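In: Pasting the sequence and the predicted model now:
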Amino acid sequence: MKTAFVGLALLSAVFGASARADDLVPCSHWPETMAAVMLKNAGKITPDELGHPNVTHELLAFQKVNKDTAREVYLLTFKRPSGETIRVITQNDVTPEECSGSGVKAFLADPLGPAQESESKP
């Protein structure tokens, strides 16, 4: 009886793991880390600010590219200790095994300011 229970537990673990392996889920850690390093290398943040935990993530898009890969697009907002924010849009691929299914493309998203209407000429 004890052997049957152990065997059933092992089978459950194997089938449970294989079911989860097919899931493609968003992963914000990889693009956040790479964007922070890119900001540091560009001189936008200091090494001391790299560990600053005030980063918000907004998943803008998540689409399956093929059976084992999905592409995700995030809006990351880094809040500096001074209160200033830096917004970055990232795009990368994820796989069931890795958040880092590809490199990260990062784009600095500067605010455009208030909307202005253009004057229409008659």
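Out: Cool, the structure landed.
In: mind checking which helix or strand of this structure has the lowest mean pLDDT?
Out: Ranked by mean pLDDT, DSSP states H and E, the weakest helix or strand in the chain is helix 2-21, scoring a mean of 40.
In: now the helices for this structure?
Out: Per DSSP state H, the chain carries helices over the ranges 2-21, 29-41.
In: so where's this protein uncertain?
Out: 1-22, 51-53, 111-122 (pLDDT under 70).
In: right, and residue 50 touches residue 36 too?
Out: Yes - using CB atoms under 8 Å, residue 50 is in contact with residue 36, at 5.5 Å. Just so you know, the C-beta spots here come from the backbone N, C-alpha and C atoms, and that holds for glycine as well.
In: Compare those two and say which is more crowded by neighbours.
Out: Of the pair residue 50 and residue 36, residue 36 is the one with more neighbours under other CB atoms under 10 Å, namely 22 against 13.
In: How much space separates the more buried one from residue 44?
Out: 10 Å (CB to CB, to the nearest Å).
In: swap in residue 74?
Out: 17 Å.
In: before we move on, what about residue 70?
Out: Look at residue 70 and residue 44: by CB to CB, they are 28 Å apart.
In: So for the two, which sits in the more crowded spot?
Out: Relative neighbour count places residue 70 above the other of residue 70 and residue 44, with 21 against 15, counting by other CB under 10 Å.
In: Tell me, how many residues neighbour the residue nearest to that one when sequence neighbours are not counted?
Out: Leaving aside its chain neighbours, residue 70 sits nearest to residue 24 (4.1 Å; criterion: CB to CB, 6 or more residues apart in numbering). Residue 24 has 21 neighbouring residues, counting by other CB under 10 Å.
In: can you pull the contacts of the residue nearest to residue 74 when sequence neighbours are not counted?
Out: The shortest distance from residue 74 to any non-neighbouring residue, by CB to CB, 6+ apart, is to residue 90 (4.9 Å). By CB atoms under 8 Å, 6 or more residues apart in numbering, the contact set of residue 90 is 31-32, 34-35, 73-74, 76, 104-107.
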